[in-house]
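[1] what's the 3D shape of this:
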Amino acid sequence: MSGPPSHVPQQLPEPSISLAEGWHCLHLYYKVDQAALCQLGPAARSAGAAEFAQILDPKRDGAPERLQVSVVSGHRADLGLMLLDKDPLKLDGIHQALRASPLGTVFTPVY
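    Model prediction:
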């Protein structure tokens, strides 16, 4: 039996990382490397803490829509972040900024 195909392809939208509905969600967990932290001098620790706080400031330009920071007690990680936004590049930007910061060598991603 031959005849016209029963399925006619529909016009699909252009691929995009921007969602029409919902948000991207990224969970990041870090372990604090105490040896690396001790190798930093007081000025580097202070500057690193200030930059760390600025990166995680929810009111700064380019911050994700939702950002949750938590201390993880008694497990593999010491610090947990949950980030939500329609733009996944904003979420990855937080991770990249933290790793590039003066404290970037202190926070080891664990999972």
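[2] what's in contact with the helix or strand where C38 lies?
    Here C38 sits within helix 34-39, counting by DSSP states H and E. With contact meaning Cβ atoms under 8 Å, 6 or more residues apart in numbering, helix 34-39 is reached by 45, 103, 105-106. Backbone N, C-alpha and C define where each C-beta goes, glycine included.
[3] After that helix, heading C-terminal, what element do we hit next?
    Downstream of helix 34-39 (by DSSP H and E), the next one is helix 42-55.
[4] what helices or strands is that next one leaning on?
    Helix 42-55 sits against helix 88-100, with contacts defined as 3 or more Cβ pairs under 8 Å, 6 or more residues apart in numbering; DSSP states H and E.
[5] and S70, what element?
    Going by DSSP H and E, S70 is part of strand 66-71.
[6] Please compute how far the helix or strand following that strand lies from its chain's middle.
    Proceeding N to C from strand 66-71, the next assigned helix or strand is strand 79-85, under DSSP H and E. Taking the mean of its C-alpha atoms, strand 79-85 sits 6 Å from the chain's own mean (Cα atoms, centre = their mean, to the nearest Å).
[7] model confidence over strand 79-85, on average?
    The pLDDT scores in strand 79-85 average 95.
[8] Would you mark the buried spots in that strand?
    Under the neighbour-count criterion of 16 or more other Cβ atoms under 10 Å, strand 79-85 has 79-85 buried.
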